[in-house]
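> just a sequence and a predicted model for now, questions to come.
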Amino acid sequence: MLEPRSFIFFPDTEDPGPIAGKVPGARDVEFRAVDGVTLHTWLFTPLEDARSIAVLYLPGNGGNRSGRQATAQAIVARGYTVLLLEYRGYGGNPGTPSEEGFAMDARAAADFLHDQGYPASRIIYVGESIGTGVATRLAAADLPAGVLLRSPFTSMVDMAKALYPLLPADALLRDRYETMRYLPDITVPITVLAGSLDELVPVTQSETVANSAPNLFQFTVVDGVGHNDPIWGSEYLAAQVDALARAVIN
């Protein structure tokens, strides 16, 4: 029988290697999830104009941290420390991808930042695609200063029904990412970004998330942009993170 997770997770399992010594201010870090899985990833810190604010970047379901390096560096250039979460099963990390596993990974990443001197009140969560489901679940339990959701969906079941209308998604999916379940508990400001030509996440779902946010800071649909277009890893995203952080943290 076809494994439903093969429709959800597309990890690049290759270890991209160390970042220390290659990018100024970047270092290799590791931390352990509550179930014992040790995660290796990269932490980027600004060399000047540091704002003592951290960004926890929760990626989508494909690739590994090497594909988000430019995104992290664009955010760091604005004075923020950035922790790129590398999930279990991605980028040389042990373990198997799953919703519950990702939730434990995100919790461990937030705890790591707390240990580095960043209280929740000085952290911004940034979720990308499936990472928006990870971000909302984490935020409901550990409320940060603000949350940015890029291409969020209402639930994995809803998205699967939109992409594969003939499949019984509700019965098949174990990983459900029920964003709308956690959203009411996120009372901090939320930015929602979407692309008008997103071929994976229906814009209507991102709009529903935005309209349901208890404290919406900004909702923007970028015209002519698809799900994986370069704009999402560029200065544009860094500018949106910066705008949210400056509005919610002194």
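That came through fine. Residues are numbered from 1 along each chain as shown.
> could the C-alpha coordinates of the host helix or strand of A245 be exported in PDB?
Here A245, judged by DSSP states H and E, is contained in helix 235-248. What follows is helix 235-248, C-alpha atoms only, in PDB (Å, rounded to 0.1, in the frame of the first residue of the first chain):
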ATOM      1  CA  GLU A 235      15.500  40.200   0.800                       C
ATOM      2  CA  TYR A 236      11.700  40.400   0.500                       C
ATOM      3  CA  LEU A 237      11.100  37.800   3.200                       C
ATOM      4  CA  ALA A 238      13.800  39.400   5.400                       C
ATOM      5  CA  ALA A 239      12.100  42.700   5.100                       C
ATOM      6  CA  GLN A 240       8.800  41.200   6.300                       C
ATOM      7  CA  VAL A 241      10.500  39.500   9.200                       C
ATOM      8  CA  ASP A 242      12.100  42.900  10.100                       C
ATOM      9  CA  ALA A 243       8.800  44.800   9.900                       C
ATOM     10  CA  LEU A 244       7.100  42.300  12.200                       C
ATOM     11  CA  ALA A 245      10.000  42.200  14.700                       C
ATOM     12  CA  ARG A 246      10.300  46.000  14.900                       C
ATOM     13  CA  ALA A 247       6.600  46.300  15.500                       C
ATOM     14  CA  VAL A 248       6.400  43.800  18.400                       C
END
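> run through the neighbouring helices and strands of it.
Packing partners of helix 235-248 (3 or more CB pairs under 8 Å, 6 or more residues apart in numbering; DSSP states H and E): helix 69-76, strand 123-128, strand 146-150, strand 190-195, strand 216-222. All C-beta atoms are positioned from the backbone trio N, CA, C, and that covers glycine.
> contact partners of the first one?
Residues external to helix 69-76 that are found in contact with it (CB atoms under 8 Å, 6 or more residues apart in numbering): 19, 23, 25, 42, 44-46, 55, 57, 82, 84, 232-235, 237-238, 241-242.
> go with 10 Å
16, 19, 22-26, 42-47, 50, 55, 57, 59, 65, 80-84, 124, 126, 128, 230, 232-242, 245 (CB atoms under 10 Å, 6 or more residues apart in numbering).
> buried ones from those residues, can you make that a PyMOL selection?
Selection of the buried residues among these in PyMOL, burial being defined by 16 or more other CB atoms under 10 Å:
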select buried, resi 16+19+25+26+42+43+44+45+46+55+57+59+65+80+81+82+83+84+124+126+128+232+233+236+237+238+240+241+242+245
